[in-house]
Structures are given as structure tokens and as C-alpha cells.
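K.L.:
My questions are about this predicted structure, shown below with the sequence.
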Amino acid sequence: MKRKILLIGALAFVFTFGAIVGGLSLTTSADDPQAPQKTISVSSEGTVKVKPDMAYINVGVQTENKSSKTAQQENATKMNKVMKALKDLKIAEADIKTSQYTIYPMEAYSEKDQRSYITGYRVINTLEITIRDISIVGSVIDTVTTNDANTVSNIRFTVADPDKYYLQALENATVKAKAKADVLAKQFGIKLGLPSQVNETSGGYYPPIMYAQTERFKSSMDAAATTSISSGELEIRASVGLVFSY
């Protein structure tokens with residue numbers, strides 16, 4: 001009877017030990033099922049700095065009038081003037097698109113009547129412009145604001161071919177990760193072969209440089225003044241993870 005109890009206890013120990021090993025996520029090799037697989041895992045980030053070669057900019061016209069129809073007509077007249085100015089700058093029609101057109105009532109509250117009254121209407125018409133020569137960004141701003149545009153917002157600088165630079169950043173990240181693995185392996189006398197896993201962990205993210213603040217201009221601004229816009233540098237990042245088995 002005692003021998004049966006000891007056998008049950010031994011089996012319980014085996015199952016408990018197996019559960020603990022499973023929690024550690026240890027794997028075994030085909031040659032020796034009992035030997036845990038040894039790995040070296042490294043990760044690194046690579047970056048590439050590049051001068052932007054494209055820009056996006058939002059240009060708008062806002063008009064207000066007691067009459068909704070008059071506000072729309074005034075807005076259309078001014079926006080046609082803006083469109084002509086853009087075409088005179090050799091901005092292609094395909095690079096000009098409407099991003100917002102809104103008409104909404106303006107209201108004032110009457111303390112006497114305890115209610116709100118519509119006092120007029122505001123029309124907002126906004127274009128998103130793609131500028132393929134960033135040297136003329138300042139000229140575009142100056143030109144549209146002297147031709148009845150009264151809002152300029154969301155200036156964004158980017159590159160026409162971001163994947164080209166992302167792949168360079170990914171290559172840099174891979175080289176750095178491999179160098180890390182080599183240093184670790186050398187310290188412990190480990191000979192490395194090809195990685196058993198290669199993981200791209202960044203997802204190809206390359207944010208544009210943004211100037212998000214909206215600026216409003218008067219159509220009567222000094223025509224001699226020029227706007228200077230600096231594009232800076234765009235930093236494109238990529239990350240990679242490598243796993244080596246030995």
C-alpha cells in the first residue's frame with residue numbers, strides 16, 4: 001500500500017514540474033527532447049534623415065453675411081480667384097482638391113427674449129494643395145493670401161517616395177541588431193549562424209513634419225512681405241528583431 005502512495009506522489013511531482021517548465025516557455029530540440037533550446041534575441045532601430053521634397057498645405061476662404069446665398073456667392077467669387085492664382089503658379093489641377101465646404105448659421109443670444117437668434121451665415125471653403133516643389137511654399141502662401149484666401153493651415157512636409165528611405169532605415173536597423181548579437185555571442189563563446197526568426201517591428205511608420213497652427217491673413221496684407229518656411233529634415237525610423245538559436 002505504501003508503494004502505491006509513493007508512485008502517485010512521484011507522478012504528481014512529474015506533472016507539477018512539467019507545468020513549471022511550460023510556464024517558462026522552454027522548447028526542446030529534436031535531437032534531445034529533454035534539452036531546452038537556447039536563443040539570443042536582439043532588437044534595434046535604424047534611422048534615415050532626409051530633406052522633404054513635397055509639401056501639403058490647406059488654404060481656405062471664409063465669408064460671412066446675413067444672407068446664406070450671398071455668403072456662398074462671395075465665397076465662390078473669392079475661391080475662384082484663389083484657384084486662378086494657384087494655376088498661375090503652375091500647380092496642377094490634380095494637386096488641388098476641396099477638403100472642406102461648410103455652411104452654418106451664426107447665432108446671438110438675447111437676454112431679453114431668453115432665446116438665440118440667427119444673425120447670419122458663415123461659409124468655409126478649404127482646399128488641400130499638394131506642392132511638389134517645396135522651394136515655392138512661401139510663394140504659394142503669399143500668392144493665395146493676396147488673392148482673397150484668409151486661412152492657411154496644416155503645412156506638412158514629406159517625401160514623394162517614403163518606402164525608399166524606410167528600406168534604408170530597415171537595413172540600418174538589421175545591421176545594428178546583428179552587431180549586437182555578435183557582441184553577445186563573442187562574450188559567451190557562442191558561434192552564430194543565420195537567425196531563426198527575423199521580425200520587422202516598426203510597421204513602416206514615417207510621420208510628416210507638420211506645422212499644425214492655423215494662420216489667418218487679411219486680403220489687404222502688404223504684398224511686398226514674403227513668407228519664409230523651413231522644411232527641416234524628416235527622420236524615418238525602422239525597427240527589427242532577430243532571434244538566433246544555438
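P.N.:
Alright, I've got the coordinates.

K.L.:
Given the longest strand along the chain, what are its sheet partners and their directions?
P.N.:
With residue count as the measure and DSSP state E as the assignment, the chain has strand 115-131 as its longest strand. In the sheet containing strand 115-131, the strands it pairs with under DSSP bridges are strand 54-65 (antiparallel), strand 96-110 (antiparallel).

K.L.:
who's in contact with the last one?
P.N.:
Pointing back at strand 96-110 there. 58, 60, 64, 68, 71-72, 83, 86, 115-130 (C-beta atoms under 8 Å, 6 or more residues apart in numbering). Quick note: C-beta positions are derived from backbone N, CA and C, even for glycine.

K.L.:
all strands for the protein, in order.
P.N.:
39-50, 54-65, 96-110, 115-131, 151-158, 197-200, 209-211, 215-216, 234-245.

K.L.:
Which of the contacts of strand 96-110 are buried, as a ChimeraX select command?
P.N.:
Buried members of the contacts of strand 96-110, defined by 16 or more other C-beta atoms under 10 Å, are picked up in ChimeraX with:
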select :58,60,68,71,72,83,86,121,122,123,124,125,126,127,128,129
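
K.L.:
Would you confirm that Lys87 contacts Glu93?
P.N.:
Yes. In this structure, Lys87 is within contact of Glu93 by C-beta atoms under 8 Å, at 7.3 Å.

K.L.:
the more surrounded of these two?
P.N.:
Lys87 (12 against 9; other C-beta atoms under 10 Å).

K.L.:
can you count the residues close to Phe157?
P.N.:
Counted with other C-beta under 10 Å, the neighbours of Phe157 add up to 24.

K.L.:
And Gln73, by the same measure?
P.N.:
Gln73 has 14 neighbours, counted by other C-beta under 10 Å.

K.L.:
ok, Ile129 - contacts?
P.N.:
Contacts for Ile129 were tallied using C-beta under 8 Å, 6+ apart; they are 56-59, 86, 91, 95-96, 140.

K.L.:
ok, it to Asp148 distance?
P.N.:
Applying C-beta to C-beta, to the nearest Å, the value for Ile129 to Asp148 is 15 Å.

K.L.:
ok, and the helix or strand in the protein with the lowest average confidence?
P.N.:
Within the chain, confidence by mean pLDDT, DSSP states H and E is lowest for helix 2-23 among all helices and strands, at a mean of 35.

K.L.:
So Thr174 is in contact with Val42, correct?
P.N.:
No. With contact taken as C-beta under 8 Å, Thr174 and Val42 are classed as non-touching, separated by 10.4 Å.

K.L.:
Between the two, which contacts overlap?
P.N.:
Taking C-beta under 8 Å, 6+ apart as the contact rule, the neighbours common to Thr174 and Val42 are Leu242.

K.L.:
So what's the residue count around the nearest residue to Ile124 once chain neighbours are set aside?
P.N.:
Taking C-beta to C-beta, 6 or more residues apart in numbering, and ignoring the residues beside it in sequence, Ile124 has Thr102 as its nearest neighbour in space, at 4.6 Å. Here the number of neighbours of Thr102 (other C-beta under 10 Å) works out to 10.

K.L.:
swap in Ile134?
P.N.:
When neighbours are counted by other C-beta under 10 Å, Ile134 registers 18.

K.L.:
Hmm, Ser230 and it touching each other?
P.N.:
No. Ile134 is not in contact with Ser230 according to C-beta under 8 Å; the separation is 10.0 Å.

K.L.:
Could you name every residue contacting both of those two?
P.N.:
Overlap between the neighbourhoods of Ile134 and Ser230 is empty, taking contacts as C-beta under 8 Å, 6+ apart.

K.L.:
What average pLDDT does the longest helix along the chain get?
P.N.:
In terms of residue count, the longest helix belonging to the chain (DSSP state H) is helix 162-187. The average of the pLDDT scores along helix 162-187 is 96.

K.L.:
other SSEs contacting that helix?
P.N.:
Contacts of helix 162-187 with other secondary structure elements, assessed using 3 or more C-beta pairs under 8 Å, 6 or more residues apart in numbering; DSSP states H and E, are made with strand 39-50, strand 234-245.
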